[in-house]
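J.: Here is the input, now give the coordinates:
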Amino acid sequence: MSETSLTATVPAPPDDDPFWDGPLHDQVKQWLQANGIPLRIPRRDITVTGPPGNRTIHYTAFVIDADGHVMVDPGDEGEALMEERTAPCLIEPPVAVTQETP
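T.: Next up is the predicted model:
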């Protein structure tokens, strides 16, 4: 990620992408954990915004009930309930999986 870029995306790989069985998968998992993001999140793009040293991670998370189960969306029965969340970017994402946005 360049010093002038204020936004980067960690794209969600398609279901048939071998990424999930490769070394990048482990790098992304470690990056998520280092930034306090649970690994149990839906397969969606993750965006990092802001200037270096003051960046924010924007991601989608499942809504979990008190028993640790993913809640069902009352407006779309049978689908998982999700919400948008943010976290401070303490560690930059792996360069190999980011796409810069001007």
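
J.: Now stretch 81-93: buried residues?
T.: The neighbour-count criterion (16 or more other Cβ atoms under 10 Å) identifies Leu81, Met82, Ala87, Cys89, Pro93 as the buried residues of stretch 81-93. C-beta here means a position set from N, CA and C on the backbone, and glycine is covered the same way.

J.: Do a quick rundown of the strands in this protein.
T.: For the chain, the strands defined by DSSP state E cover 7-10, 46-49, 56-62, 82-88, 99-101.

J.: which of those strands has the lowest average pLDDT?
T.: In terms of average pLDDT, strand 99-101 trails the rest of the strands of the chain, at a mean of 61.

J.: any chance of the strands of the chain in a markdown table, plus distance to Asp26?
T.: Written out in a markdown table, the entries for these read as follows (distance: least, Cβ to Cβ, whole Å):
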| stretch | distance to Asp26 |
| --- | --- |
| strand 7-10 | 14 |
| strand 46-49 | 16 |
| strand 56-62 | 18 |
| strand 82-88 | 20 |
| strand 99-101 | 20 |
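
J.: so which of those strands gets nearest Gln33?
T.: In this view, the strands of the chain are compared for proximity to Gln33 by Cβ to Cβ, and strand 82-88 is the closest at 11.2 Å.

J.: ok, how many other residues are close to Val48?
T.: Other residues within reach of Val48 by the criterion other Cβ atoms under 10 Å amount to 23.
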